[in-house]
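*Asks:* Below are the sequence and a predicted model; questions follow.
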Protein chains: 2
Amino acid sequence: MKIVIDAMGSDMAPGVEVEGAIQAVEEFGYDLILVGDEALIRTELERLGNKSDKISVVHSPERIDMNEPAALSVRRKRKSSIVMGLEMLKRNEADGFVSAGNTGAVVCAATLFLRLLPGIERPGIAICIPTLTGTSVITDVGANINPKPIHLLQYGIMADAYSRYILHKSNPTVGLLNVGEEASKGTEFIKESHTLLSESKLNFIGNIEGRDIYAGTADIILCDGFVGNVILKVSESVVDTIMKLLKKEIRANVIATVGAALASTAFNGLKKKMDYSEYGGAPLLGVDGRCIISHGSSTPKAIKNAIKVAGEFMTLGVNNHIVEELESY
Amino acid sequence: MKIVIDAMGSDMAPGVEVEGAIQAVEEFGYDLILVGDEALIRTELERLGNKSDKISVVHSPERIDMNEPAALSVRRKRKSSIVMGLEMLKRNEADGFVSAGNTGAVVCAATLFLRLLPGIERPGIAICIPTLTGTSVITDVGANINPKPIHLLQYGIMADAYSRYILHKSNPTVGLLNVGEEASKGTEFIKESHTLLSESKLNFIGNIEGRDIYAGTADIILCDGFVGNVILKVSESVVDTIMKLLKKEIRANVIATVGAALASTAFNGLKKKMDYSEYGGAPLLGVDGRCIISHGSSTPKAIKNAIKVAGEFMTLGVNNHIVEELESY
């Protein structure tokens, strides 16, 4: 198994990527290729005392920054770590690609170089979230902010394969995110999507509401990329705000401070449950290759887990299952 | 000041509404009219030991349930508490209306009976949320799930008046919710809205992202009613999930249990900050009258505060300010 890692993607690149790669080699034994500024990467490898010859480095002289326009930067920066890494995948020099960089640029470059799976019109990002009952998948969370109903059906079929083979769910339920439960609710886009999903072979349980997401009502939550993106960012922000407000309250009160110290085990347990890095990266579903997108603020553990997901996608043949499923429609 | 209250709206109606009304009379001295099942309301008034003659009761034999289709139920149930209450407003028998009932039905009936303010094409629900720095307003959160850019501009102008006169902000900032900060990001709807807002007299600070909402980056957050509705429900759900997971973690650990007991002051402080009932109801901006919508799970305090908002809307002439502002465009 050989995975290419964009070493210049995350906010703390390349340190986080290098550390995650070292952990992944130790844990999974994969061969890894770090693409990015060679001098910076080698410095990090040395600093972290890497001894493994399973990690190689490919120099890339350009970097696509977080806020650069996606299509333009992919066209212009052909020597960027994102473009070079995906081109290696295209040339079959590797089995998977992981990046914590500019999401738009990764989606654009992956679509351009890897092309889409037969039957898929638009790629979608699927992300795992912790719920009260386990783990659910939301798709799309930002690849396609203006999808058609048929795209949502395709996301459903792809997320179904992802849930079965990677998350080991036997018959995952699919919910359509709406402002109410009744089939008559929502925009025309939602109503048409509801009809398509109802007629599909998916285990469709109908509309679900915002409050159902973290309750774990559905294993798969379908929405357009605009709404999905807002949900992720709002959720992170709510967690962050609660923690900050709680700290403020606790500092204002001596007994509470003592209490909080005693309750810290519980806080840490909660933090682990809410920790996105546990789930690794989010697969870009629909491209003909294994492309995993990680959060810009990824930790080494998140990078390690993203590498793991890329490997599982390969080993378990998730894309083959998606194509087979699509052919039966 | 005379306010009409839909006594049959909330999940715990009419008990919650009656208790909130009694508190409001004590605190603000308004005259209140409770519309709903007279026998049930009188039982509650007696149970709660009401002595004030400032509360009167108008019997309504019908009730619109939470999940009834909005337009149909308003047309068919002309003797429902929502329709009868809004008709009293229309006949100038009261200065404001408060309901914790079916939001869609309230929006529909208010638009039908009160009509819209001159220059307003669609009403929008504005809701206050707690942020790290204070209070912000999101609009729309569900009245209009498929707005045009001009509607978002109108929501901005109305929320500006609301923020100035009710929340006492001198020059509230306005942010457009998007998937990125750059003006080039987002759907056509968002880009056109961005242009309109940029050319307006509002204190427009550009696009904001989901993570900026609870950080308090903007005083006013503009979005379509679909996204706004999802944000509210997801936020509530995240808070709820964190509390449940934290309780679970704490129960699993004896030292943490003791700690949590000691930290409970901090928890309660936080709970108060996150408590929607502190802000009362959400005004339905744009209708020619004062119509305040409360959460279905409102507490008596939330109802009391919604009554307060209705009164302030009247006293401070918020709708007049909105019309003046619109005339200057």
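*Replies:* Sure thing, it's come through.
*Asks:* make it CA atoms for all contacts and neighbour counts henceforth
*Replies:* Will do.
*Asks:* which element is A:Ile5 on?
*Replies:* Using DSSP states H and E, A:Ile5 sits in strand A:2-6.
*Asks:* what's that strand packed up against?
*Replies:* strand A:31-36, helix A:81-90, strand A:96-99, helix A:300-315 (3 or more Cα pairs under 8 Å, 6 or more residues apart in numbering or on different chains; DSSP states H and E).
*Asks:* Please export the C-alpha coordinates of whichever helix or strand comes after that strand as PDB.
*Replies:* On the C-terminal side of strand A:2-6, the closest following helix or strand by DSSP H and E is helix A:15-28. What follows is helix A:15-28, C-alpha atoms only, in PDB (Å, rounded to 0.1, in the frame of the first residue of the first chain):
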ATOM      1  CA  GLY A  15       5.200  19.300  11.000                       C
ATOM      2  CA  VAL A  16       1.700  17.800  11.500                       C
ATOM      3  CA  GLU A  17       1.800  15.800   8.300                       C
ATOM      4  CA  VAL A  18       5.300  14.400   8.900                       C
ATOM      5  CA  GLU A  19       4.400  13.400  12.500                       C
ATOM      6  CA  GLY A  20       1.100  11.800  11.300                       C
ATOM      7  CA  ALA A  21       3.000   9.900   8.500                       C
ATOM      8  CA  ILE A  22       5.600   8.600  11.000                       C
ATOM      9  CA  GLN A  23       2.700   7.300  13.200                       C
ATOM     10  CA  ALA A  24       1.000   5.700  10.200                       C
ATOM     11  CA  VAL A  25       4.100   3.900   9.100                       C
ATOM     12  CA  GLU A  26       4.500   2.500  12.600                       C
ATOM     13  CA  GLU A  27       0.900   1.500  13.000                       C
ATOM     14  CA  PHE A  28      -0.100   0.300   9.500                       C
END
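*Asks:* which outside residues touch helix A:15-28?
*Replies:* Residues from elsewhere that reach helix A:15-28 (Cα atoms under 8 Å, 6 or more residues apart in numbering or on different chains): A:5-8, A:10, A:30-32, A:34, A:41, A:44-45, A:48, A:50, A:52, A:54-55, A:298-305, A:307-308.
*Asks:* among those, which ones are buried?
*Replies:* Buried members of the contacts of helix A:15-28, counted by 16 or more other Cα atoms under 10 Å in any protein chain shown: A:5-8, A:10, A:30-32, A:34, A:41, A:44-45, A:50, A:54-55, A:298-305, A:307-308.
*Asks:* so can I have a markdown table of the helices and strands packed on strand A:2-6 showing mean pLDDT?
*Replies:* A markdown table is the format used below for these (pLDDT from 0 to 100):
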| stretch | mean pLDDT |
| --- | --- |
| strand A:31-36 | 98 |
| helix A:81-90 | 98 |
| strand A:96-99 | 98 |
| helix A:300-315 | 95 |
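*Asks:* what about A:Asp240, neighbour count?
*Replies:* Close neighbours of A:Asp240, defined as other Cα atoms under 10 Å in any protein chain shown, add up to 16.
*Asks:* repeat for A:Glu182
*Replies:* 14.
*Asks:* With A:Thr315 instead?
*Replies:* 11.
*Asks:* Ok, the one 10 residues further on next?
*Replies:* Counted by other Cα under 10 Å, the residues lying close to A:Glu325 total 15.
*Asks:* distance of it from chain B?
*Replies:* Look at A:Glu325 and chain B: by Cα to the nearest Cα, to the nearest Å, they are 31 Å apart.
*Asks:* re the thing from before, neighbouring strands - and their directions - for the strand holding A:Ile5?
*Replies:* Using DSSP bridges, strand A:2-6 pairs in its sheet with strand A:31-36 (parallel), strand A:96-99 (parallel).
*Asks:* What angle do helix A:300-315 and it make with each other?
*Replies:* For strand A:2-6 against helix A:300-315, the angle by axes from the mean of the first three to the mean of the last three Cα atoms, to 10 degrees is 140 degrees.
*Asks:* ok, back up a step: just so I know, which of the helices and strands packed on strand A:2-6 lies nearest B:Ile293?
*Replies:* B:Ile293 lies closest, by Cα to Cα, to one member of the helices and strands packed on strand A:2-6: helix A:300-315, at 42.9 Å.
*Asks:* Need the contact partners of that closest one.
*Replies:* Residues outside helix A:300-315 that contact it (Cα under 8 Å, 6+ apart): A:1, A:3, A:16-21, A:23-24, A:28, A:95-98, A:100, A:166, A:276-283, A:290-294, A:319.
*Asks:* That helix relative to helix A:15-28, how many degrees between them?
*Replies:* Using the same axes, to 10 degrees: helix A:300-315 against helix A:15-28 is 50 degrees.
*Asks:* following helix A:300-315, which helix or strand comes up?
*Replies:* The C-terminal neighbour of helix A:300-315 among helices and strands, as given by DSSP H and E, is helix A:318-327.
*Asks:* Just the CA atoms of that following helix, as PDB, please.
*Replies:* Extracted in PDB, the C-alpha atoms of helix A:318-327 (Å, rounded to 0.1, in the frame of the first residue of the first chain):
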ATOM      1  CA  VAL A 318     -15.100   0.800  -1.800                       C
ATOM      2  CA  ASN A 319     -15.100   2.500  -5.200                       C
ATOM      3  CA  ASN A 320     -15.800  -0.900  -6.900                       C
ATOM      4  CA  HIS A 321     -18.800  -1.400  -4.700                       C
ATOM      5  CA  ILE A 322     -20.100   2.100  -5.600                       C
ATOM      6  CA  VAL A 323     -19.800   1.400  -9.300                       C
ATOM      7  CA  GLU A 324     -21.500  -2.000  -9.000                       C
ATOM      8  CA  GLU A 325     -24.300  -0.400  -7.000                       C
ATOM      9  CA  LEU A 326     -24.700   2.400  -9.500                       C
ATOM     10  CA  GLU A 327     -24.900  -0.100 -12.400                       C
END
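*Asks:* what helices or strands is it leaning on?
*Replies:* Contacts defined by 3+ Cα pairs under 8 Å, 6+ apart place helix A:318-327 against helix A:149-165.
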